[in-house]
Each structure stands twice: as structure tokens, then as C-alpha cells.
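S.K.: What would the 3D arrangement of this be:
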Amino acid sequence: MPVTQAPAHVDAPPPPPAPASAPEVASPGVGAAGAMEGDLAADRRRYGTLVASHLVVDLYPIFIVALAVSLQSNLDLTNAQRATVIALGPIVSGLCQPLFAWLGDRFDTRLFGPLGLAVGAAAISFIGFAETYAQLLALQTIGLIGTGVYHPISAAVAGRLGARALRGVRFVHSPRASALSLFFLAGMLGGFLGPIISTRLNEATGDMRWLAVMAAPGLLLAWALWVSTRRVAHREIPKFVREDHPDAARRLRQRRFHVVVLFSSNALRYTANVGTYFLFTAWAKQHFLDDKVASSRAGDLIAATTLGMCVGAVLASRVRQGSERRALVTTGLLAAPLIAAIPFLPVWGMMACACLASALYFTGIPVSVGLAHRLLPHATGMTGALLMGIGWVVSASGPIVGEHIVSLGEHGLAWAFGAMAVAVAASGLVSLLMNRELIEAVADRD
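M.R.: Predicted coordinates for the structure are as follows:
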């Protein structure tokens, strides 16, 4: 069946800017080049602070998952309550993002980045002081709202600020793409370090209340982030959204359609990612009688997947602007057979395929966010919330679908991995609905 393309008419590429006139008088030692170097150094400091803040903010949500067994023992939780605590993360964090992203775009403020980091750090670091299930849920919900609202505005700032900060760096041919990739990589490292820090601190002290010391780096970086980014623009108003621009409504609809396609692709990738995490635990339970051994083997597969996602964040920086459609299609189709093959391989082969598959499909996440920012530059916060937050909410369906398929019979596990492979392949195929000419037209010209 032929694939329906978006309308062929696209925005014309912007005319090249007029050359800037040189200053008539240059003060000794304070020429234009010196001013640019000073601005570049300041941009790099601000961008470094932003990247560090993403690493730290992504430490906190995983504390609760990593300490779920200890929390269950401390608060005498039921298995259902423990499952609720674990499942609450992507739902609360994702659902709150659109509102605060809209407010950030509407009032042109970067406040929600540092504010979200501070609230998330303070609330989640104090879960050891919860004495009841209700108190735990309250601290978790407040903290997850904080870490959730941090992401849309901060990703938008990372794209624009990082594009300036990384300009002229060797081996960086697309500053904006590289800036977003490094931003996402920092978050992945935070998610990797979070369980190690929280569990080791809890084990060493024997008292989860000591986790409160982890609020300090978050609060410190929240202040530094506010100082660094409060005056950094995260969006711009393009001509096609102005009321007097001819054909503005049609152009806006076309670009919104492309953002919806990118959201669909991201949601499918996230769903496969979370779904395979569940399937790793299901496979381990089927093959190992000892629960501790089963947990370790599933953990090895999850770690291999996380490592692959870090590689994917780096690979995303090598995708040239204007070629995102091809990259999204290719990575989805190449990752699918690797996921389908996982249950038929020995453990080392499973780990290799999990790592390689996640490197491929996760490449599409920073790529799609960067493209969405350029498609709707006046709503970068909202596009980030849609592609990251709401896409993450949809991913909660992965374990549910996986569990249902696994329960169907003897070959249920293989079928479930096959379903996740189909989701990843579909994430690539849906990208064919995007128009190549429009994607090339919104590529940065620097």
C-alpha cells in the first residue's frame, strides 16, 4: 500500500542574512572577536551547568524504584502498593509536563527548570522520613511533578544554548544536534547512577533518612541553573505564526502534523523500551529458580539496554539536520529484528542484541526532539512535553501488553518480544509520513 505523504508545499528556506557591517571604531583589545569569545565562554559555562543539572535531576526518580523493597519493609506495604509506587513514575512525571510547558512558552520563562529540580530534589530525598503509605505517595508525587516539569523547558534551552556553545568545536558538525545528544546522555548517566547511589547509601547507613543529604546537589544546581539560564531565550516567534503572514494557518497545521508523527514514533520507542524491561524479568523468572539470580540476570540485561541508550544519545549527534526522516526509519527497522531475536539467544547474545537494539532505537529520541523544536520554534516547551512527557506516559502500556502476551501460552515470551519488535518497526515506518522537503527547509543554516 502506498504511503500517504504530507502536503507537498513547504516553507521556503529563509533568505541568507545580510552581512553584518564591521564596527567603525574598534577599541584596542576589545574588538568584535574578543566580545564573541567572551560570549562563547559564557555560553559554554551556562550549557555545562544545564547538562550537569540534567544528570542530577534524573538521579531522583529512580531512587524510589531502586529502594522499593526497602520501602515495602519499612512501611509494611502490600505487593499492590509497591507496584503502584513503581508504576506512578512515568504517569505523574509525564502528565504534568504539558501544563507547565505551555506556561513556560506562554510567559516566556525558564523558571520551571530550576524550580522543578529544586522541588524534585527536596521531596524525593526525604522519602526516608515517610511513616505511612500516604506520606510516601505525597512526597513521591510532589517530587515527580518537579522532575517532570524540569524537562521540557530545559531541553528547549539545551537546543538553543548548546547550538551556540558547541559552535566551532572539533568533530561537531551539527551543534544543535550535538547539544541535545549531550543533554540526553547526561540524563541517561543520572538514571544509571541513581540506583547505585541510593542503594549503597541506604546499605551503608542502615537508615534511609540519610538519603536527605542527596537534596544538597539538587538544590545547589537549581540555584546555579536559575542564575545561568533565566535570561536565555528558549523559543522564537517565526513569521509563519504571525497573523499577517499569508497562509499561516495551513503552514502551522502542516508542522503540527509532523510533530504528531514524531510523537507517535517516540511513544512507540518508549513503549518497546519499557516493555522489554518487563520481558527481561519475565524471562529471568522462567529460567532461574533462585530469585536473587533471576534479579541479577534481568538487571544485567537492563544495564546492557541502558548502555546502548547512552550510545544512542551519542549517535544522535552524528545525524545531519535535514536527514532525520531517513534516520528515524532506518533505526526503527534495524532495531526490530534484534529485539525479536533476544529470547532465542544465549545470555551473552541477549545482552549484545539488547545493547545494539537500544542504541539504534534511542538514537531517534534526541533526533525527534531537535526536529520538533525547529518545526515549532515558538512552542519548544510544549513540543518537548509532548514528545518526552506524554510519550513516556504511553510507555506504561508496554509492561501491560507484554504481561498479557506472555500469559497466552508456551511461546508467549517469544511472541511478546515480537510485539515489541513490531512497535519499534512501526516507529520507523510512521516516520515515512513526514515530508522530506519540509524537514530540509527547517534545518539550521549555521
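
S.K.: and residue 195, what helix or strand is that in?
M.R.: Using DSSP states H and E, residue 195 sits in helix 175-205.

S.K.: I'd like to know which elements that helix is packed against.
M.R.: helix 32-57, helix 61-66, helix 133-165, helix 291-316, helix 347-375 (3 or more Cβ pairs under 8 Å, 6 or more residues apart in numbering; DSSP states H and E). No exception for glycine: its C-beta is placed from N, CA and C like everyone else's.

S.K.: Would you mind checking which of the ones you listed scores lowest on average pLDDT?
M.R.: Among those, helix 32-57 has the lowest mean pLDDT, at a mean of 77.

S.K.: ok, residue 81 to residue 75 distance?
M.R.: Distance from residue 81 to residue 75, counting by Cβ to Cβ, to the nearest Å: 8 Å.

S.K.: Pull up the overlap in contacts between those two.
M.R.: Residues touching both residue 81 and residue 75 (Cβ atoms under 8 Å, 6 or more residues apart in numbering): residue 133.

S.K.: Skipping its backbone neighbours, what lies nearest residue 69 in space?
M.R.: residue 82 (7.8 Å; Cβ to Cβ, 6 or more residues apart in numbering).

S.K.: cool, residue 337 as well?
M.R.: residue 421 (6.8 Å).

S.K.: Would you confirm that that neighbour contacts residue 333?
M.R.: No: contact criterion Cβ atoms under 8 Å: residue 421 and residue 333 do not qualify, at 10.3 Å.

S.K.: Run through the residues that contact residue 298.
M.R.: Contacts for residue 298 (Cβ under 8 Å, 6+ apart) come out as 280-281, 283-284.

S.K.: Let's see that with 7 Å instead.
M.R.: Going by Cβ atoms under 7 Å, 6 or more residues apart in numbering, residue 298 touches 280-281, 284.

S.K.: Pull out the buried residues from the residues you listed.
M.R.: 280-281, 284 (16 or more other Cβ atoms under 10 Å).

S.K.: which residues of the stretch 201-350 of the chain score low on pLDDT?
M.R.: For the stretch 201-350 of the chain, the stretches with pLDDT under 70 are 233-247, 291-292, 295.

S.K.: Please, where are all the helices along it?
M.R.: Secondary structure of the stretch 201-350 of the chain (DSSP state H, counting those that start in this stretch): helices at 215-229, 248-287, 291-316, 324-341, 347-375.

S.K.: can those helices go into a markdown table with extra columns for distance to residue 405?
M.R.: A markdown table is the format used below for these (distance: least, Cβ to Cβ, whole Å):
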| stretch | distance to residue 405 |
| --- | --- |
| helix 215-229 | 39 |
| helix 248-287 | 9 |
| helix 291-316 | 18 |
| helix 324-341 | 13 |
| helix 347-375 | 18 |
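
S.K.: Would you mind measuring from the closest residue to residue 199 other than its chain neighbours to residue 196?
M.R.: Using Cβ to Cβ, 6+ apart and skipping residues adjacent in sequence, the residue nearest residue 199 is residue 66, 5.3 Å away. Plainly put, residue 66 is 8 Å away from residue 196 if you go by Cβ to Cβ.
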